[in-house]
Each structure stands twice: as C-alpha cells, then as structure tokens.
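> Let's see this in three dimensions:
(one chain, ligands or ions: 1)
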Amino acid sequence: MIPPSIRLKLSQAGIIASFILRGLLALHRTASAEDDVGAAGREARQWRAEHRVIDLHQHLDYRPELLERAIRVMDASGVGLGVDLTPGTVTPGSDGQPSEFEAHKKVADTLFPGRWVQYMNLDYTHWDQPDFAEQAVKQVEEGRRLGAAGFKEEKRLGLYLRDGHGQLIKVDDPKLDPMWERLGELNMPVSIHVGDPKAFFEPYNEKNERWKELKDHPRWWFGDTNKFPTFHGLLEALNRVIARHPGATFVSVHFGNNAEELDWIDQALARYPNLRVDLAARIPEIGRHDPEQVHRLFVKYQDRILFGTDFQSLEGRMILGSSGNEPLPTETDAEVFFAKEWRWLETRDRNWAHMTPIQGDWTISSIGLPASVLRKIYFDNARKLLARSLPAPTLKARHTRRDFEPDGDLTKTLWQTTSATRVETEAGEGGIRPELSTAVRCLWSDDYLYLAYRCPYTELTVFKPSQGERKRFDLRAPGVSLWDRDVVEAFIGSDSQDIRNYTEFELAPTNERLDVRLALSNKDFEWSSGFQSAVKIRADEKIWDCEMRIPLASLSAAKPIAGTRWRMNLFRSDRANKAALAWRAPLSQTFHVPERFGVLEFVE
Ligand SMILES: [Zn+2]
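Next comes the predicted model:
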C-alpha cells in the first residue's frame, strides 16, 4: 500500500507530466499553425503592397479634400479600390442639373480615376404614385446607363421609410419586385442593409450591451414593438425578397445583417445561392464567436464572403466601422483600424481589443485563414461580382534602347526592370483562376514592342507536328485553328478614332504563331506583321515562357512616344484546365469586344 503522502506526489507527477505533454502538443500545434499563418500573412502583405484589396463597403463625401484623405488611408492600408455605396440617386436636379449620383461619380473619376466605383440609391419621393414600380425600374436603368456598378439599399426599409398613410414601407413590398428583377437582368449587384445588431432591438438602458453606441444614436433603437417590426421579422422579409429574385445577386451587408447567429447565416447561405455577405463593421461581433467555428464557416463559404469595412470619409469626421460622440479619429487611427481587420483575418491571436471600441466592451479572437481563402475575400470575389464595372487595367511598357532577338528567356535583366500584370480572369464570367495566373510584361524600343508571358500549366495541349511558319487556321472547320489549342494572345489597337480596328497576335507553346488584322467584323489573315517569337518550356517547373517581338510599324503609322496610350487586351487559352483567361474579361463568348480592352501605356 502506498502512503498517502507519496500517492499525492505520484498524482502530482502525473499532473505535471500531462501538463508538459499538453504544453508540447500545444507548442507543436502553434508552430505548424504559425507556419501557415505566417505564409498567408506574407502573401497578404504583398497583395497590399500592390493595392489589390477591394473594400466593398465605403461611404464618401465628395469634397476633394475628403476624397484625398480617404485615398491617403487606402494607400497606407493597401486598398486599391473602394466601393461607395451611397453616392446618391440618379434623379436629375432642378433646372436639368446632373443628379447627385452623376455629379459625385464625375468628381471621383476626375480626381482619382480607377480608385472607386459607385452603387446607386433609390429615390422614393413618388412612392405613393400608382406607377412607382415602373419608375423604380426606370431609375435603375438610368443608373446602369450612368455607370452605377450596383445598387444599395440602406436600413430605411422596414424601419424609417413611410408611405403617404404613415405606414412603414416593408422590405418585401411587392411594388419593388420589378426593380429587384431588373437589377438582376442588368447584372447590378444589390447591397442591402436590413435590421441592425440585436441589442438595438432590446431595452434602451445602461444594461444594453451596445449602450455606448445607442445613447449617442437614439434613432438606432428599434426596441419598441408597437412602432417597429421584430429583428427576425425584418430578416425573414429580406429572405423572401432574395428567394423571389434568384437572378439578382444580394450582398447582405454587415455579415448577413445577423453577425450574432452563425447557424442562421450558414442556413441562409445554404438556402440562397444568390446571397453573399460582407464583413462591414461586424468583425467586433463575428470575432466574439468561437474562432474555430467562424474559421470553418469562412472556409465553407469562401466564395460568398466579401471584404468591406464601412470606412467613411465624411464632413467633419472619418467613421471607422461606427462612431459616436467620442473624439475624432485621426488618419493614424484609420490605419490601425485597417491593420486590425488584417489581424483578425490573418492571425490566430486570441482575446484582443477590437477595432471599433464604441461597438462594445469585449475582446475578439482571430480566425487565421489560409492564403487561398484570404485572396477570395479580399478581392477575387469582389472582382467577379463587379466584373462589368471594374476600372480598365493599364500595362506600362518600359522603353529600352537595346533591341534583342526573342529567345524565350525571361530571366534576362531587362525583363526584371519591368512590372508584370496578370492574365487570370475568366473571359466569359469574370471568375478568377489564380492557379493559372499568367504574368505578362512589356517593353518597347524605337522599332519594336516586346511582350513576355509566363504561363503555369498542368499539361500542354498543342498541335503535332508543328507547322512552323505557316499560319494554322481554317474558319470553316471547327477545332483545327491555332486558337483551338493552348495559346497566348495579344490584341493591340492604336486607332483612337475607331476601336474596331486592331491587330491580333497568337503564340502556341510549339512556337507556332499567327497574326491577323481586324476591322470588325472583317479579319485579314493575309496580313503579316513580321513578328518574331520564342518559347521556353520548363517542364520540371510546369511553366512555359515566351516572348514576342512586334515591329511598331505594323501596329501604327505614327510611332508611339512616351505618354502614348493604345488599347490592348491579353488572353490565354489552356485546354487542360478548360480556361479561357483574359486581362480584362470581355464577359462574352468572343474575345473580340474592343469596348472591353485595357490600356497599353508607353513610358520612358
Ligand atoms: Zn455602411
């Protein structure tokens, strides 16, 4: 029999041993998790250095100094493109003045081209008129014509907007059905805010967990059930709208307008394929849940969750997710706000102070997503959603005095001095194929334009044997032309008067090539540019590299000079992966959509 004192020691030893073991296991787990997390964070920093992040949820004031301030914050944080959800309605001003939407868009496009796209807002003034349903349809058609990327509805429906009899207008009022339907047909995504945090529907007193915020914003309290619908009543009305219009894409903002109920979100996303959610102003809520559960949800719906912040550069103040009567945030505060967004998505940090203190006195825990999921949330999902209205990309061709014969070697120093653009967007639908992302670089000399493509592949699909110099095409027979196997292509248009005039260059991994001159819809295959090319296949790395050298004289009668801008699109077909990739997606069955070209800019 063991004396009690020793028994105690033995059990203590057992506890210590199991403690050490658990410690070692935890250490092991942390180490491997940190490897992934570290790698994802490094990739994400690179994306931010390239300003690839898209913030799908911003609100702007269009005074130049306030736009400038927003750009400084976005630049410091690595946000390349912002979506302003509330630029105004498309109703013209009195005396034929441009609408608020038009005027605002013009200011942003003039001062900061390519940095913002705008959604439009509905003008409810004539709600009580019998033809308002048609008026609403006309408004969104006008918005589309004026360049609205999408449509935003604020939390007015069900909570603030009233008809002529003083009744609240319901979220699912059938009068709006034709408009939702038309938004789907016009490929204009809808961002919609309905309801608010649950606490805003609970008693208005110091015990309310959002008291700090509510006492500064009494109008955000909806707890009086005699006046307002219930929280779930509002959400169910939104679900009915989403269900009735499967052709329209709905981004339910603020994490599905229900950041507190992850299972509810899971079910809604499972039920409605046309539903997406953004993260705007809700990381402080989502971050309160079990981070493992949130991680699983984000991985499960990685194609349906979009980055957005509710960053607002408004008169008098910036708003970082939310605000009250606290001191005005500085630009440094704004950078910290964005840094905390990254920290939550990219690290596994536990129990830290969230980015919007006024939203509540609690801590959050990070969810450490893998890089493949992060890039979808940060930009790829938004690129697909906004494919129709993303700003045209520019590729800068750097000038060189040194002409060279193509040899397919992209490691030469000259190429290292250029920056690459990516061909990775599906030509038809605008989806992103990062695994096939093709880097393209461009140089020009006084006599030539040079293009270099680096193409990752899994399996090459080519014609055998090679036909050498003879152009391989037959417009009457399917499947026998060069473009019916793996190729890279460049469409280049120097004619600023008629964008339907341009030239086309194709190159296969066999170094077979083809050039065509187009005056849509005529295609001149007899034309010869005299372009040269070379290919290097690096089978061990599964990469094929190629160079094209195109005589400038074949592209334009007038030589380009530094500052010249031509129109261009770049493509790649990869048959093994059923990929037809574009630099800027034509969003069509054909590549030949000159309205959808990007810009080739000649620089010193
Ligand atoms: Zn907002």
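
> what does the host helix or strand of residue 372 contact?
Secondary-structure assignment from DSSP states H and E places residue 372 in helix 371-375. With CB atoms under 8 Å, 6 or more residues apart in numbering as the test, helix 371-375 has contacts from 39, 40, 43, 44, 47, 298, 299, 302, 345, 346, 434. For glycine as for every other residue, the C-beta is placed from the backbone atoms N, C-alpha and C.

> Pull out the buried residues from those residues.
40, 43, 44, 47, 298, 302, 345, 346 (16 or more other CB atoms under 10 Å).

> of these, closest to residue 564?
The nearest member of the buried ones among the contacts of helix 371-375 to residue 564, counting by CB to CB, is residue 47 at 30.2 Å.

> Just confirm the closest one is within a helix.
Yes - assessed by DSSP: H, G, I helix; E, B strand; the rest coil, residue 47 belongs to a helix.

> still on that earlier bit, which is the next helix or strand following the helix holding residue 372?
Where DSSP H and E defines the elements, the next helix or strand beyond helix 371-375 is helix 381-385.

> same for that next one, what does it pack against?
Taking 3 or more CB pairs under 8 Å, 6 or more residues apart in numbering; DSSP states H and E as contact, the helices and strands that helix 381-385 lies on are strand 53-60, strand 305-306.

> Of the ones you listed, which stretch is the most buried?
Highest mean neighbour count of these: strand 305-306, a mean of 27 (counted as mean count of other CB atoms under 10 Å).

> So, low pLDDT: which residues of this structure?
Applying pLDDT under 70 to the chain picks out residues 1-35.

> change it to 50
When residues are selected by pLDDT under 50, those of the chain lie in 1-11, 23-31.

> tell me which element residue 570 falls in.
Once you assign secondary structure using DSSP H and E, residue 570 falls within strand 565-574.

> Buried residues, that strand. List them.
Neighbour counts over strand 565-574 (16+ other CB under 10 Å) mark 566, 567, 568, 569, 570, 571, 572, 573, 574 as buried.

> give me every residue that touches the fourth one.
Contact partners of residue 569, counting by CB under 8 Å, 6+ apart, are 490, 491, 582, 583, 584, 586, 591, 596, 597, 598.

> where does the first one land in three-state SS?
Applying three-state DSSP to residue 490 yields a three-state assignment of strand.

> ok, what's across the strand from it?
residue 505, residue 570 (DSSP bridges).

> can you count the residues close to it?
25 (other CB atoms under 10 Å).

> Tell me the spacing between it and residue 591.
From residue 490 across to residue 591, the span is 11 Å (CB to CB, to the nearest Å).

> With the fourth one instead?
According to CB to CB, residue 583 and residue 591 sit 11 Å apart.

> Pick out whichever of those two has more residues nearby.
For residue 583 versus residue 591, the count of surrounding residues by other CB under 10 Å is larger for residue 583: 26 against 20.

> for the nearest residue to that one once chain neighbours are set aside, what are its contacts?
Leaving aside its chain neighbours, residue 583 sits nearest to residue 570 (3.9 Å; criterion: CB to CB, 6 or more residues apart in numbering). By CB under 8 Å, 6+ apart, the residues touching residue 570 are 395, 421, 423, 440, 488, 489, 490, 491, 582, 583, 598.

> Tell me which two of those residues sit farthest apart.
It's 488 and 598 that sit farthest apart of the contacts of residue 570, by CB to CB, at 15.4 Å.

> So between those two, which is more surrounded?
residue 488 (28 against 18).

> What's the separation between that one and residue 580?
Distance of residue 488 to residue 580, computed by CB to CB: 12 Å.

> and for these two, which residues touch both?
With CB under 8 Å, 6+ apart, residue 488 and residue 580 have common neighbours 571, 572.

> Out of the buried residues of strand 565-574, flag the one nearest to residue 501.
Checking the buried residues of strand 565-574 against residue 501 with CB to CB, the nearest one is residue 567 at 10.0 Å.

> got the contact list for residue 388?
For residue 388, counting by CB under 8 Å, 6+ apart, the contacting residues are 149, 187, 430, 587.

> Closest to the centroid, which residue in this structure?
By CA atoms, centre = their mean, the mean C-alpha position of the chain lies nearest to residue 382, the distance being 2.6 Å.

> Nearest residue to that residue in space, ignoring adjacent ones along the chain?
Nearest non-adjacent residue to residue 382 (CB to CB, 6+ apart): residue 54, at 4.0 Å.

> picking up where we left off before, quick check: neighbours shared by residue 583 and residue 591?
With CB under 8 Å, 6+ apart as the test, residue 583 and residue 591 both reach 569, 571.

> Just the contacts of residue 569: which are in strands?
490, 491, 582, 598 (DSSP state E).

> and of these, the nearest to residue 465?
Nearest to residue 465 out of the ones in strands among the contacts of residue 569 is residue 490 (CB to CB; 25.2 Å).

> quick one: that closest one from residue 405, how far?
Relative to residue 405, and taking CB to CB, residue 490 is found at 19 Å.

> now swap in residue 168 and tell me
Counting by CB to CB - residue 168 and residue 405 are separated by 73 Å.

> More neighbours: these two, which one.
residue 168 (17 against 8).

> so the more buried one makes contact with residue 162?
Yes - contact criterion CB atoms under 8 Å: residue 168 and residue 162 qualify, at 5.8 Å.

> what's stretch 227-239 in contact with?
Contacts of stretch 227-239 (CB under 8 Å, 6+ apart): 158-159, 168, 170-172, 192, 194-196, 198, 201, 222, 250, 252, 257-258, 264, 268, 271-272.

> Show only the entries of those found in helices.
Assigned to helices by DSSP state H, the following of these qualify: 264, 268, 271.

> so the second one makes contact with residue 275?
Translated: residue 268. Yes - shown here, residue 268 and residue 275 form a contact pair, counting by CB under 8 Å, at 6.1 Å.

> Need the residues touching each of those two.
By CB under 8 Å, 6+ apart, residue 268 and residue 275 have these common neighbours: 252, 256.

> Backbone dihedrals for residue 554, please?
Main-chain torsions, residue 554, degrees, to the nearest 10: phi -80, psi -10.

> ok, it - contacts?
Applying CB under 8 Å, 6+ apart to residue 554 gives the contacts 503, 529, 530, 531.

> What is the burial count for the closest residue in space to the third one that isn't next to it in sequence?
Taking CB to CB, 6+ apart, and ignoring the residues beside it in sequence, residue 530 has residue 551 as its nearest neighbour in space, at 5.3 Å. One way to gauge burial is a neighbour count; for residue 551, by other CB under 10 Å, it gives 13.

> Check the gap between residue 551 and residue 595 for me.
Distance from residue 551 to residue 595, by CB to CB: 27 Å.

> Ok, residue 413 next?
With CB to CB as the criterion, residue 413 and residue 595 are 37 Å apart.

> and what of residue 511?
From residue 511 over to residue 595 (counting by CB to CB), the distance is 32 Å.

> Over to residue 375?
28 Å.

> These two - which one has more neighbours?
Using other CB under 10 Å, the more surrounded residue of residue 375 and residue 595 is residue 375, with 22 against 10.

> wait, isn't residue 309 in contact with residue 340?
No - at 10.3 Å, residue 309 does not count as touching residue 340 under the criterion of CB under 8 Å.

> These two - which one has more neighbours?
Set residue 309 next to residue 340 and count neighbours by other CB under 10 Å: residue 309 wins out with 26 against 22.

> residues contacting that one?
Residue 309 touches 55, 57, 58, 279, 280, 281, 320, 321, 337, 338, 341, counting by CB under 8 Å, 6+ apart.

> Return the subset of these lying in helices.
Per DSSP H, the subset of those in helices is 337, 338, 341.

> can you pull up the bridge partners for residue 601?
Applying DSSP bridges, one finds that residue 601 bridges with residue 396, residue 565.

> Appreciated, that's everything.
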